[in-house]
Every structure is written in structure tokens, then in C-alpha cells.
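Trainee: here is a sequence with its predicted model. Questions after.
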Amino acid sequence: MLEKDRPNRAVTPFFQIFGGRWQRLSGDAIHMTEGAGHHRLEWRVLSVLVPLVAGAAVFDALWRIGGAWLAWGGVLPVLFLLFHIVAIVIGGKNPLAQWQRWNLLLAAWSVWQGWFANESGVRWAAGIWLGVLALNAVSALCLGWRFLMVHPATCTAVARWFIFAAIHVPVFVVTWLYGWHAGLVVLPVAAAVWLCGTFLPNSRVFGPIARRVEGKDVLLTIDDGPDPVDTPALLDLLDQHGRRAVFFIIGEKVRRHPELAREIVRRGHELGNHTMTHPVGVFWGLGPARTRREIEGCQQAIEEATGTKARFFRAPAGHRNWFTHPALQDLGLELVGWRKRAYDTIRSDVDGIVRDLVTGVKDGDILLLHEATMTSQGVMKGVLEALESGTPRVKKTEAPDHHAALPDS
């Protein structure tokens, strides 16, 4: 089963974006942590920042009321009382409500301290909290973007044209009115985001992508088939080692060799969609119509040849375009990336390729291999032997469960 993104229990936008993946729990641990308790790192950070800034605010207020003696002598008891009032009297019943109240109080004090209050010695604390606010504001924008990329109503070709226009038209208007210097302020940022979403194989800028699988084994994926020479040999090697794999195949090749596609399925492996013509040099820049034709054409070829529907899609070279996810949503496909690859399509050193693929591999990793190359059979043999031997290069916590290696519905 492909590993899904799960909430990490963070209540602040920053840690919702950058707080790391949800950790697997079981039994009572799940019940105790769902909806209760902060993300662990977030809790540690806030448990320092909130008392620090709140303490500075209390100290400043006491200093203004009664001078240094009252400030130094009363900061701790008043801070202690303040925490109880916020937590019990006006506090919420969960960490999100608590965060909202503290954030509102400290934000109001920080703005007052920074822009309206007389000079004091605690503006550094106001600066810290204004920095927290800025980070969370940027993170909230990222969350909003992620929502647009995954919500069915906005994950459409039409909606993405509107989003594209909403981003670029104002930039060009500013450039037209105020010159190219003004445009340079925004265009590089937009271009960097666009390039990351397109050319970083596991980027989630344009939508979700699976990079790992659940279970205690790795998942082997083989691109660019079926091939009349390599496919039968790779199937035999997989059978010898009792492993299953996902073959991301090209629609045109399926048309030429439908019997190979059927043989892959007959031997218990999964077929994945790898476009109709594998336009590796241009797929990243295709429009919505051509993108859909490439994906839908391969989907039809697989179904006509085998009677089965592919559930997974991998873009050529991992380079998606702006319209890939809407097409995948319409066709019921999931985008699959990888955790380790060794560029076996352009290298000839089999031992080096195998070493790069298996060194440090962990349970749940997706490995990317190719067929129809000079090294494909040697690479597959070396990887299978390394995984089976359980050498120190391969991290395994349990004996491999070959039935769990293939993604389930």
C-alpha cells in the first residue's frame, strides 16, 4: 500500500508544513494522540517561546506600573497566574484553541510594543513573536496552496488555468507599468516554485506523490517496458527470488507486445501507467489536452491488452507538468515517485548501480530500475541478491514479507 500523508498533530501552520511525517502508532497510543497533544517538536518550541515572550510582556507591564523592584519581584508569580487564567478561564479545550488564544494575546502585545509603545528593553521579545507570526503566515499560504492542489473542485485543468493567470497576469501588469526591475522582484520566486514542481521528481508543489510504501520491505519498480528481451528475463529473476514488482510500461510498447503485458500480470505483478509515447523531453511542458492523451492512451492500451486497469502513474523521468494531477484525478490514478535511483539508463557500471540502489535502503523505500537497457538484467540480479542476503548495506527490521511489497487498493 502506498504510504499516505497523515496529519502530524501540529496546530501552527509552520509545523503543519515542516513538522515531519505522522509516526505510526497502534492501539491506545492512536486514541491518546488523535486530536490531543501537539506535534512533539512544536510542543518543545512553543514551550520555550510562549513563556519567554509572555514573561517579557509581564515584566514590561510591571516595570511600567511600579518600576524595577516590582518587575523583578513580580514577574514569576504574575506569569504563573497569567498561564492559569489563559489555560483555565479563557483557554480552549484542545491545543489548537490554546494556541489561538496565546497567539492573539502575544501578537497584540508584539504589535503594540513594536509600533506604539515607548522604547523598552523587551522589544527583542516582540521581534521574536513577530517573526513567529511571519513564518506562520508564509506557512498558511503554503497550506492554502496545497489545498488548491488537492481539492477536487480546484484540481481541474480549467481551475489551473485560472490559478496560472492569477499568479502571472499581475506580475506582467506590474512589469509593464513599472519596468522590468519591478518584475524581477516576483518573477524569480514564481519561476523557482514552477521549476521545483516540474523537475524535482518527488516534489509535491503541484500535488501529492507517493514516495514510500507501507510495510516491512522495499518496493521494486521497473520503467520503460515491456521489452521482448528484458521483460521475460526480469520476470524469471523476480520469480527466482519470490518478489513482486510494479512495471511502469509505455502504451506504444504494450500495443506492440500485448502478450508481455499479459505475462507480467499473469505472474502476479502490477502494471503502472508510464504514458503512451514516453515523451521524456517535452512532457514537462505539455498542455492539458496532450497530457491527458498521453496518460489516457496508455491506460486504454493496458486495459485492452490485459483487462486490468492501472492504478499508478509515473511521469517520464519524473517530470510532471502543471496539468498532470487533474488528468490523474479524472482517470483515478495515483502519482508514484521513488526514494532511490541510480541513473541506470545512462550508466554502464552494474556494480556501482547496484551499490547506489541498495546502500542504506530502508523498509518502505521505492527503488527505481529500468528495462530495455544494456545493464537491466545485471542490475536486477544484483539488487535482488543484495536484498535477499540482508547485507549490512540493506536495513531490514524483519524478514521481508513479499506479499506486502506490492501496493494494495
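Mentor: Sure thing, it's come through. Worth saying up front: this structure is predicted, and the values here are computed from it rather than measured. Residues are numbered from 1 along each chain as shown.
Trainee: mind checking how far stretch 154-172 is from the chain centre?
Mentor: Relative to the mean C-alpha coordinate of its chain, stretch 154-172 is positioned 22 Å out (CA atoms, centre = their mean, to the nearest Å).
Trainee: brain fart, stretch 336-344
Mentor: Between the mean C-alpha location of stretch 336-344 and the chain-wide mean there is a distance of 16 Å, by CA atoms, centre = their mean.
Trainee: list the contacts of that stretch.
Mentor: Around stretch 336-344, the neighbours that count as contacts under CB atoms under 8 Å, 6 or more residues apart in numbering are 2, 201-202, 209-212, 221, 246, 248, 272, 312-314, 318, 352-354, 356-357, 361-362, 364-370, 373, 375-376, 379. In this view, the C-beta of every residue, glycine as well, is placed from N, C-alpha and C.
Trainee: burial of the closest residue to residue 250 other than its chain neighbours, as a residue count?
Mentor: Spatial nearest neighbour of residue 250, chain neighbours left out: residue 278 (4.8 Å); criterion: CB to CB, 6 or more residues apart in numbering. The tally of other residues near residue 278 (other CB atoms under 10 Å) stands at 21.
Trainee: which SS state does residue 278 fall under?
Mentor: Taking DSSP: H, G, I helix; E, B strand; the rest coil as the rule, one finds residue 278 in the coil state.
Trainee: quick one: it and residue 225 touch, right?
Mentor: No - the criterion here is CB atoms under 8 Å, and residue 278 misses it with residue 225 at 10.7 Å.
Trainee: what residues are shared contacts of these two?
Mentor: By CB under 8 Å, 6+ apart, residue 278 and residue 225 have these common neighbours: residue 250.
Trainee: mind listing the strands for the stretch 1-150 of the chain?
Mentor: If DSSP state E, counting those that start in this stretch is used as the criterion, the stretch 1-150 of the chain turns out to lack strands entirely.
Trainee: domain assignment for this structure?
Mentor: For the chain, automatic domain parsing gives the domain ranges 1-147, 151-199, 219-404.
Trainee: using TSV, please lay out those domains together with mean pLDDT.
Mentor: What follows is these, written out as TSV (pLDDT from 0 to 100):
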stretch	mean pLDDT
domain 1-147	83
domain 151-199	87
domain 219-404	92
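Trainee: which of those domains is buried the deepest?
Mentor: domain 219-404 (a mean of 19; mean count of other CB atoms under 10 Å).
Trainee: now find how far off-centre it is within its chain.
Mentor: The gap between where domain 219-404 is centred and where its chain is centred comes out at 20 Å by CA atoms, centre = their mean.
Trainee: same check, this time on stretch 148-168
Mentor: Remark: stretch 148-168 is offset 19 Å from the chain centroid, using CA atoms, centre = their mean.
Trainee: residues in contact with it?
Mentor: Outside stretch 148-168, the residues that touch it by CB under 8 Å, 6+ apart are 147, 190, 204-208, 288, 322-323, 325-327, 329.
Trainee: and the furthest pair within those?
Mentor: Spanning the widest gap among the contacts of stretch 148-168 are 190 and 329, at 23.9 Å by CB to CB.
Trainee: show residues contacting the helix or strand hosting residue 263.
Mentor: Residue 263 is part of helix 258-266, with elements assigned from DSSP states H and E. Taking contacts as CB under 8 Å, 6+ apart, the residues outside helix 258-266 that touch it are 225-228, 231-232, 235, 247, 249, 254, 271, 302, 304-306, 308.
Trainee: what do you get if the cut-off is 10 Å, keeping everything else the same?
Mentor: Applying CB atoms under 10 Å, 6 or more residues apart in numbering, the set of residues contacting helix 258-266 from outside is 222, 225-228, 230-232, 234-235, 238, 245-247, 249, 251, 253-255, 257, 269-271, 301-302, 304-308.
Trainee: against which helices or strands is whichever helix or strand comes after that helix packed?
Mentor: Reading on from helix 258-266 to the C-terminus, the next helix or strand found by DSSP H and E is strand 270-273. If contacts are counted by 3 or more CB pairs under 10 Å, 6 or more residues apart in numbering; DSSP states H and E, strand 270-273 sits against strand 219-225, strand 245-249, helix 258-266, helix 288-306, strand 312-313.
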